[in-house]
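Engineer: model this:
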Amino acid sequence: MNEEGRSIGELLEDETVRERRGALRGRIRAAGITVQDILCCEDSSGFLGPGHADAYTVVLARSGGYLRRIAGEEFFVDASGGYLTRPGDEHRVAHPIGPGDRSTEIRLGAELFADRFDGPPLSRRFTVTGATDVHHRALLAAARRGAEDFELGERLHRLLDDVAASAGHWRTDTSRRPAAARAHARLVRDVCAVLAGGPPGLLLSLEELARAVGASPHHLSRVFRAVTGTTLTHHRNELRLRGVLHALEEGEGGLRTLAYAYGFADQAHLTRVCRSHTGCVPSALRGVLADRA
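Structural biologist: Model prediction:
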């Protein structure tokens with residue numbers, strides 16, 4: 001099922017790939033851990049399933065977005081983070097913004113999982129820092145360059161440590177007014193779906209974004225922070241930056257072109273945001289994410 005040599009566009013148009021709802025773009029096995037780079041070709045806007053998790057997994061999204069329902073909890077997954085599963089978890093998935101999302105699934109043993117993610121999380125859905133996202137993408141780039149298993153294993157353990165340390169969990173429904181809590185969660189899912197589609201959603205003003213999800217700017221901003229623990233501005237900047245990094249991974253465009261495509265004022269603005277979120281400038285990250293040394 002490894003179609004690493006074909007473009008995403010080719011895979012999305014391939015009927016065989018679409019019938020099996022996805023493509024495996026690469027696999028890493030190192031340090032007793034399996035990592036799979038997955039392109040999802042499912043385009044159902046409604047929930048499919050149920051399925052049941054057969055392993056402890058840490059899933060990190062890299063582009064696009066989709067709805068997940070795990071053990072009764074429903075949330076939107078985008079490139080700002082990912083989610084955890086445990087064996088036996090019932091799960092369903094929906095793709096309201098269409099196919100083509102990219103995720104990395106890390107399957108690990110019970111002991112390795114417990115060492116880092118022991119205890120019930122506030123939410124299965126989590127966010128990661130910009131620096132952790134870079135380490136994630138750099139691991140995949142190192143594998144594409146043919147790095148030795150020793151190096152990949154070390155990178156994997158560092159990434160898992162980073163995820164555990166930086167993961168910011170979304171809040172679960174602890175409200176005394178369950179109906180209001182459900183409405184707030186639905187509003188956050190809706191706005192995440194708009195932003196996860198990339199441009200033009202990422203180019204909307206706050207007022208336009210609020211209109212798109214049927215809320216006032218003040219209400220949207222307040223609810224988003226209450227549910228996710230971060231501001232809409234920070235979340236939007238993370239997605240803009242990760243869109244640029246994904247484009248660099250795919251060999252798309254120059255930095256100036258990407259800066260304008262993702263709504264930055266200019267390349268200098270992109271550089272400032274990138275340094276603030278990841279500690280690195282985009283030109284340096286281009287080399288880190290390249291398929292060849």
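
Engineer: what residues are up against residue 78?
Structural biologist: 61, 64-65, 192, 195-196, 239 (Cβ atoms under 8 Å, 6 or more residues apart in numbering). To be clear about C-beta, it is placed using only N, CA and C from the backbone, and glycine gets the same treatment.

Engineer: try 6 Å
Structural biologist: Residue 78 sits next to 61, 65, 192, 196 when contact means Cβ atoms under 6 Å, 6 or more residues apart in numbering.

Engineer: What's the local residue count around the second one?
Structural biologist: Residue 65 has 24 neighbours, counted by other Cβ atoms under 10 Å.

Engineer: Please check which residues sit opposite it as beta-bridge partners.
Structural biologist: For residue 65, the beta-bridge partners are residue 78 (DSSP bridges).

Engineer: Now for it: which residues touch it?
Structural biologist: By Cβ under 6 Å, 6+ apart, the residues touching residue 65 are 78, 97, 196.

Engineer: same check, this time on the third one
Structural biologist: Listed by Cβ under 6 Å, 6+ apart, the contact partners of residue 192 are 76, 78.

Engineer: can you list the weak-confidence ranges in the stretch 1-150 of the chain?
Structural biologist: 1-26, 119-122 (pLDDT under 70).

Engineer: which stretches of it form strands?
Structural biologist: Counting by DSSP state E, counting those that start in this stretch, the segments of the stretch 1-150 of the chain that form strands are 22-30, 33-40, 48-52, 56-63, 65-70, 73-78, 81-85, 90-94, 102-108, 125-127.

Engineer: got those strands as JSON lines, with distance to residue 141 columns?
Structural biologist: Below are the strands of the stretch 1-150 of the chain laid out as JSON lines (distance: least, Cβ to Cβ, whole Å):
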{"stretch": "strand 22-30", "distance to residue 141": "11"}
{"stretch": "strand 33-40", "distance to residue 141": "11"}
{"stretch": "strand 48-52", "distance to residue 141": "30"}
{"stretch": "strand 56-63", "distance to residue 141": "12"}
{"stretch": "strand 65-70", "distance to residue 141": "22"}
{"stretch": "strand 73-78", "distance to residue 141": "21"}
{"stretch": "strand 81-85", "distance to residue 141": "18"}
{"stretch": "strand 90-94", "distance to residue 141": "27"}
{"stretch": "strand 102-108", "distance to residue 141": "12"}
{"stretch": "strand 125-127", "distance to residue 141": "22"}
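
Engineer: wait, which of the ones you listed is closest to residue 231?
Structural biologist: When these are compared by Cβ to Cβ, strand 125-127 sits nearest residue 231, at 12.2 Å.

Engineer: For residue 280, find the nearest of the strands of the stretch 1-150 of the chain.
Structural biologist: Nearest to residue 280 among the strands of the stretch 1-150 of the chain is strand 56-63 (17.2 Å), distances taken as Cβ to Cβ.

Engineer: May I have that closest one as PDB, with CA atoms only?
Structural biologist: Output in PDB follows, covering the C-alpha atoms of strand 56-63 (Å, rounded to 0.1, in the frame of the first residue of the first chain):
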ATOM      1  CA  TYR A  56      -2.000   2.500  21.600                       C
ATOM      2  CA  THR A  57      -1.500   5.300  19.100                       C
ATOM      3  CA  VAL A  58      -0.400   9.000  18.900                       C
ATOM      4  CA  VAL A  59      -1.800  10.600  15.800                       C
ATOM      5  CA  LEU A  60      -0.300  13.900  14.600                       C
ATOM      6  CA  ALA A  61      -2.100  15.800  11.800                       C
ATOM      7  CA  ARG A  62       0.000  17.600   9.200                       C
ATOM      8  CA  SER A  63      -2.500  19.100   6.800                       C
END
